[in-house]
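1. sequence unknown, structure follows:
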DNA sequence: ATGGGATATGAATCTTTGGCAAGG
DNA sequence: CCCTTGCCTTTGATTCATATCCCA
């Protein structure tokens, strides 16, 4: 309505400005502010209109058409009605905005479901690949190709990452990534084919590397980044339209040999939202039968010419590095990214990489320097002179798509206890775990799930590859579900790697955990960890996190947590130099500790927004109305001048009443931790009630923190009297809220029973129901002293029994009455029917039957009766035999159907009735 | 082009202790 | 006269996640 009025107003305004302006420059005149329903305001610029303006019929703002219904057309003079056409052209931001809708709860659920199914499919796929890597034939084939000197690695006692380099180099030199899979076949067969041709999909090549390492007796896992459909539907649209997505999807298409039911279709049926995921899902799980393969290709084609974005990049086949290098001129972002990669490369593990890179450069001197001379000029501008040409070997780039598969080899010679080392043999990268995230980010993806497969099992090792967990946390499925899914697989995985059990009796060094003060690493000093404040111990965010992650630790003291943290190798420097004796720890458990440690030592994000839902840290501005920092410290760092606090210091406050619901009461003499304004609505009610006698605290709500509460200490029942609240009732939010010595009897109709017995009781209020804009208390049963429980229940049982009996009697009486009424009405109807069906019969004044009908609820209404009377008057004679005839049902004419218990009684006149015997 | 911050927006969440009339 | 039952009708403020705009 608002919109219409506004339009009317504008149209009138237009009119006043004159005819000329309308026809010549409609855009200019209509430019202005349109107010839609829901107060949506849209700026309509001049450019939004064509000079050709059109007024459609039927206003449909939601669909973007502006028009007027016939009845509401503004009074525009005839001269103006002819050629007024308003047409929106282009897609201005205002038009985009109208489609902006937050995902509804149903769609969210659906998207989650698709995400879960996709995860499961990819897990299954990973297990399949893992199994293929164990295939003795494949392993033997690979070994037969390996030069003898590389076989020695299987005899190494202390395996280190460096030792893997020659092997990886050999692999890289001998196996290449091919982007298009030739034909679909079972994975083992395609692996065999890949060995033969020395090239395969990224998945196959990664799998071959795993198989090779395993053949050499190295503990190796197959790693996959599960690039699942997004939990945010729109995000996927972008991904699908991007050429990288197509390539990466192509690269990891499942090789199912037989067509299975199209899973995506199932989702498409559920909702159009889900159909977004259809193609991706189908391709991931390899549901591309020979029959529908062509169809899929077609779909891909349409997606590459995405209508929405109109984005058809020349790097559509960019995965094929060999052929397409020249096609794409690198963007600044790519160049910078590579630069960063190189810097990272030279800064870390330099030794390994330098030699490797040099080797690489010697082998393939043209690979990077000659492929793109333009790029090199750009790069040279950007690079400082320190970075030499030899370092321009950049692994992974946006064009290649994100790294999706690689291997992890357990190197017992690395660190004290050994560790899993990232090995991307296809790209000849050893120990490059810290680079994966950046590579994925450069491909506009996020690293949400990284799963290690081994022994048909799987384990989530995302933490190892993700340095900024807070960026992916919201993109992952609910962790409870995920860990439940993984737990049996994790078991299998740890069994595969668990044979290697270690006994540790080593001094922990400070290196156990990376602790860099002031460098964004959030490892807090012991002083900060343990801070006495109002009798409460401040726990470090690390400890808090452990607390959060482990249910068992929930109720432990900070001291306990610290000792657990030590046990977990969390590397609290307090104990850093002491020698500890760790019980036999499995490799899996050690890795768990490592990942846990990473979780606790995440760097401080640099943007404020990241603190909003950060699991470890917070800044004050993101606190809600009901939150405070207690204690306010320690400050872990600063972000744009805002002090950063550990998340554990955030306390949620509640009103006294709300704490009661949780079985806690606010301690005496505690002043509110925070006072907030009462909402206007409530305020209004209160002021209207109390008039001018509003005291100071009336418009505010006093809030208390958990530290200000103690376990509810209700006055016990004394002398059979139930302690009640100011409303004369007991609020039973939970069993904890019951005064000692009382019981909650949850039965209806207990009040009269208790009253009759003369025992003290109180109605039990169990919650609220929101109705009519007001909260209505809901009562359920009563609260009485425990000693009267049996007496009350006994009396209740007695009363209920009596009530049920009465109820039964009442029901029976009612049933009889209803039967009587039914039969009576039936008879009456029959009688009427007969009398009207035989026109030759003698006339009966219809009035005679009407009193009967009136008694009968089922009989005709008065109007019906009137109609009959009318019929009677018009239709001539009606026999009056019926009136005189009284039906009689002699026994000999009765029949009885034993099955249906129906007795049929017949009168000599032909009338019969059926009686169902009860 | 990109990222961060401010702002707008719409959906979700929280709020929280009836009143009256008819009939038994 | 008292008690029970049924009917009335579904707020509005705040929070939260996200999109968009603007600016550096």
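-> In hand now; what should we look at? Everything quoted here is computed from the prediction, not taken from an experiment.
2. care to break chain A down by domain?
-> What automatic domain parsing lists as the domains of chain A is A:2-97, A:105-319+A:401-500, A:502-652, A:656-711, A:714-821.
3. pLDDT below threshold where in the stretch 301-450 of chain A?
-> Where the stretch 301-450 of chain A drops to pLDDT under 70, the residues are A:301-400.
4. worst mean pLDDT among the domains of chain A?
-> The weakest mean pLDDT among these belongs to domain A:2-97, with a mean of 34.
5. nearest residue to whichever residue of the stretch 401-550 of chain A sits closest to DNA strand C in space, please, no chain neighbours.
-> Relative to DNA strand C, the nearest point of the stretch 401-550 of chain A is residue A:474 (5.6 Å; Cβ to the nearest atom of the strand). C-betas here are computed from N, CA, C, even on glycine. Once flanking residues are discounted, residue A:474 sits nearest to residue A:613: 6.9 Å by Cβ to Cβ, 6 or more residues apart in numbering.
6. which stretches of the stretch 351-500 of chain A form strands?
-> A:405-411, A:419-424, A:429-430, A:450-454, A:457-460 (DSSP state E, counting those that start in this stretch).
7. what does the first one rub up against?
-> Right, strand A:405-411. A:159-161, A:163-164, A:202-203, A:205-207, A:209-210, A:213, A:218-225, A:252, A:418-426, A:429, A:436, A:452, A:461, A:497, A:500, A:587 (Cβ atoms under 8 Å, 6 or more residues apart in numbering).
8. how about residue A:704: what's its closest non-neighbour residue?
-> Closest to residue A:704 by Cβ to Cβ, 6+ apart is residue A:666, at 4.8 Å.
9. what's across from that neighbour in the sheet?
-> Counting by DSSP bridges, residue A:666 forms beta bridges with residue A:709.
10. residue contacts, it?
-> Counted by Cβ under 8 Å, 6+ apart, residue A:666 has contacts A:656, A:659, A:704, A:708, A:709.
11. can you check which helix is longest in chain A?
-> Counting residues, the longest helix in chain A under DSSP state H turns out to be helix A:789-837.
12. widest-spaced pair of the contacts of residue A:666?
-> Greatest spacing in those, by Cβ to Cβ: A:656 and A:708 (9.7 Å).
13. so the residue nearest to residue A:474 belongs to a strand, correct?
-> No - remark: residue A:613 does not belong to a strand; assigned using DSSP: H, G, I helix; E, B strand; the rest coil, it is coil.
14. hmm, it is touching residue A:469, no?
-> No - shown here, residue A:613 and residue A:469 do not form a contact pair, counting by Cβ atoms under 8 Å, at 11.3 Å.
15. of those two, who's got more company?
-> Between residue A:613 and residue A:469, counted using other Cβ atoms under 10 Å, residue A:469 has the larger neighbour count: 17 against 12.
16. ok, the closest residue to the more buried one other than its chain neighbours to residue A:726 distance?
-> Among residues not flanking residue A:469 along the chain, residue A:602 sits closest, at 5.7 Å (Cβ to Cβ, 6+ apart). According to Cβ to Cβ, to the nearest Å, residue A:602 and residue A:726 sit 49 Å apart.
17. okay, the two: which has more neighbours?
-> residue A:602 (22 against 5).
18. SS state for that one?
-> Residue A:602 ends up coil, using three-state DSSP.
19. dump the residue contacts of it.
-> Counting by Cβ under 8 Å, 6+ apart, residue A:602 has contacts A:467, A:468, A:469, A:470, A:522, A:616.
20. so which of the residues you listed wins on neighbours?
-> residue A:616 (25 neighbours).
21. for residue A:220, what are its contacts?
-> Taking Cβ under 8 Å, 6+ apart, we find residue A:220 in contact with A:133, A:210, A:213, A:214, A:407, A:408, A:409, A:410, A:454.
22. which residues does the fifth one bridge with?
-> Same thing as residue A:407. For residue A:407, the beta-bridge partners under DSSP bridges are residue A:222, residue A:423.
23. show me what from the stretch 351-500 of chain A comes close to DNA strand C.
-> residue A:474 (Cβ under 7 Å from any atom of the strand).
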